[in-house]
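K.L.:
Provide a 3D model corresponding to the input given below.
(chains A and B)
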Amino acid sequence: RKEVEQDPGPFNVPEGATVAFNCTYSNSASQSFFWYRQDCRKEPKLLMSVYSSGNEDGRFTAQLNRASQYISLLIRDSKLSDSATYLCVVNSPNYGQNFVFGPGTRLSVLP
Amino acid sequence: DAEITQSPRHKITETGRQVTLACHQTWNHNNMFWYRQDLGHGLRLIHYSYGVQDTNKGEVSDGYSVSRSNTEDLPLTLESAASSQTSVYFCASSGGARNNEQFFGPGTRLTVL
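P.N.:
Presented below is the predicted three-dimensional model:
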């Protein structure tokens, strides 16, 4: 089983829609969680950290469920510019607390 | 502005050749990382360094080596390039704690024929 798993999609949604991405991780010792965004043929960039109590940044909301080892990202009022691949990232005690990246979920927001 | 750069951006080489990919950051970050990204696998950690003279193996380190002689640079060397090493390579850096946000370079697209 992969350490971080995501639904690969693609998710094709109309502008203005709400879309949710899920991510599961296997190592219960993981302590840090992030969502990164990657545009086609570009480098990943941090979208937001995920905190235990959940957190929001504008149209983006991240949730963490430690008991189920599950992370989610909700995007409200989707914009065309949200089209990208969203990477779930978890730190792993297996590699010196470094990051393990999920394979990514691709989102296309359609006009 | 501080940044992280990689060179070359594109490289084509032949099987068996030695190849070195450069990574240079001006953030003054202690932590530097090399990843490869392949379809279906996401980003996988190759090597990482927490400071000068410190290097560590990641998940997919076979056939790769790194050295850290200063804070700014972490070159990645493919000792004898193989077709399985055709990939996009990203360098990243972070400051402070090891699990802080990582900043990525623009990537190097390597093709091994």
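K.L.:
any residue of the lengthiest strand in chain A up close to chain B?
P.N.:
In chain A, taking DSSP state E as the definition, the longest strand is strand A:84-92. Yes: Strand A:84-92 lies within reach of chain B by C-beta under 8 Å from any C-beta of the partner chain, at A:87, A:91. C-betas here are computed from N, CA, C, even on glycine.
K.L.:
Give me the helices and strands touching the lowest-mean-pLDDT helix or strand in chain A, please.
P.N.:
The least trusted helix or strand in chain A, going by mean pLDDT, DSSP states H and E, turns out to be strand A:98-101, with a mean of 90. Judged by 3 or more C-beta pairs under 8 Å, 6 or more residues apart in numbering or on different chains; DSSP states H and E, the packing partners of strand A:98-101 are strand A:84-92, strand B:31-38, strand B:42-51.
K.L.:
Need these in JSON lines (columns: mean pLDDT).
P.N.:
Below are the helices and strands packed on strand A:98-101 laid out as JSON lines (pLDDT from 0 to 100):
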{"stretch": "strand A:84-92", "mean pLDDT": "93"}
{"stretch": "strand B:31-38", "mean pLDDT": "96"}
{"stretch": "strand B:42-51", "mean pLDDT": "93"}
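K.L.:
nearest to residue B:85, of the ones you listed?
P.N.:
strand B:31-38 (7.9 Å; C-beta to C-beta).
K.L.:
Give the closest residue to residue B:20 in space, chain neighbours not counted.
P.N.:
Leaving aside its chain neighbours, residue B:20 sits nearest to residue B:77 (4.8 Å; criterion: C-beta to C-beta, 6 or more residues apart in numbering or on different chains).
K.L.:
Okay, now the sheet partners of the longest strand of chain A, with direction.
P.N.:
Take DSSP bridges as the rule and strand A:84-92 pairs in its sheet with strand A:33-38 (antiparallel), strand A:98-101 (antiparallel), strand A:105-110 (antiparallel).
K.L.:
With distance to residue B:21 added, can I get these in CSV?
P.N.:
Below are the strands paired with strand A:84-92 laid out as CSV (distance: least, C-beta to C-beta, whole Å):
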stretch, distance to residue B:21
strand A:33-38, 19
strand A:98-101, 19
strand A:105-110, 27
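K.L.:
okay, those strands, which one's buried deepest?
P.N.:
strand A:98-101 (a mean of 24; mean count of other C-beta atoms under 10 Å in any protein chain shown).
K.L.:
just how off-centre is that strand within its chain?
P.N.:
Here the centre of strand A:98-101 is set off from its chain's centre by 13 Å, with C-alpha atoms, centre = their mean, to the nearest Å.
K.L.:
Residue A:63 bridge partners, please.
P.N.:
Residues in beta-bridge contact with residue A:63 (DSSP bridges): residue A:72.
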